[in-house]
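Participant: whatever this is, show me its structure:
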Amino acid sequence: MSDADARQDLLDALAEGIEELALALATFGEAYELLDENSQDRLEEQLFGPVQKAYGRAQRTYTAFAERRGLPSRTFTEHSPGVHARDPRVYLDRAIEAVNEAEERLIELQDSMMPVTYGDPELRAGLADVREFVASARERSGDFMRTLGR
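Facilitator: The predicted structure follows:
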């Protein structure tokens, strides 16, 4: 495998995490519309905000690395939140599952050593930032769900 192929694989792996974050944002958005004002504020602060920051940072990391390495970049689009539900918990469960999937993809990418072998310091720093935001949302998700509606 050439270095260019390996770097493209690295970008593809990062893109999988970005796609999961996009899904989480879409489903958090649907849940937001069904929550009371207090719960909306908590959702924004504890879950949506960190995931939105992770999504933006991941996209910037992806694009900047592709540009630095002369690889094709892509645009990430908004996701569908899935089948309509009247219960915000359905959307929250979907979103939290997507956050967990994003974190798993990012962990796998970092554990693969591809960012060290084929990446650069900027890419590794970007991945670390994204992981921090995602971990924050994941850690707070259990408390949010336990206290929802209280």
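Participant: which residue is the nearest non-sequential neighbour of the residue sitting nearest the centre point of the chain?
Facilitator: The centroid of the chain falls nearest to Leu21 when counting by CA atoms, centre = their mean (2.9 Å). Closest residue to Leu21 apart from its sequence neighbours, by CB to CB, 6 or more residues apart in numbering: Tyr55 at 4.2 Å. Just so you know, the C-beta spots here come from the backbone N, C-alpha and C atoms, and that holds for glycine as well.
Participant: now do the strand or helix carrying that neighbour, average pLDDT.
Facilitator: Using DSSP states H and E, Tyr55 maps to helix 49-69. Helix 49-69 shows a mean pLDDT of 97.
Participant: against which helices or strands is the following helix or strand past that helix packed?
Facilitator: Remark: after helix 49-69, the chain's next helix or strand is helix 88-111, criterion DSSP H and E. Packed against helix 88-111 by the contact rule (3 or more CB pairs under 8 Å, 6 or more residues apart in numbering; DSSP states H and E) you find helix 3-34, helix 49-69, helix 121-147.
Participant: any regions of this structure where pLDDT drops low?
Facilitator: 150 (pLDDT under 70).
Participant: burial measure for Ala4, as a count.
Facilitator: By other CB atoms under 10 Å, the residues close to Ala4 number 12.
Participant: and if you look at the one 5 residues further on?
Facilitator: By other CB under 10 Å, the residues close to Asp9 number 15.
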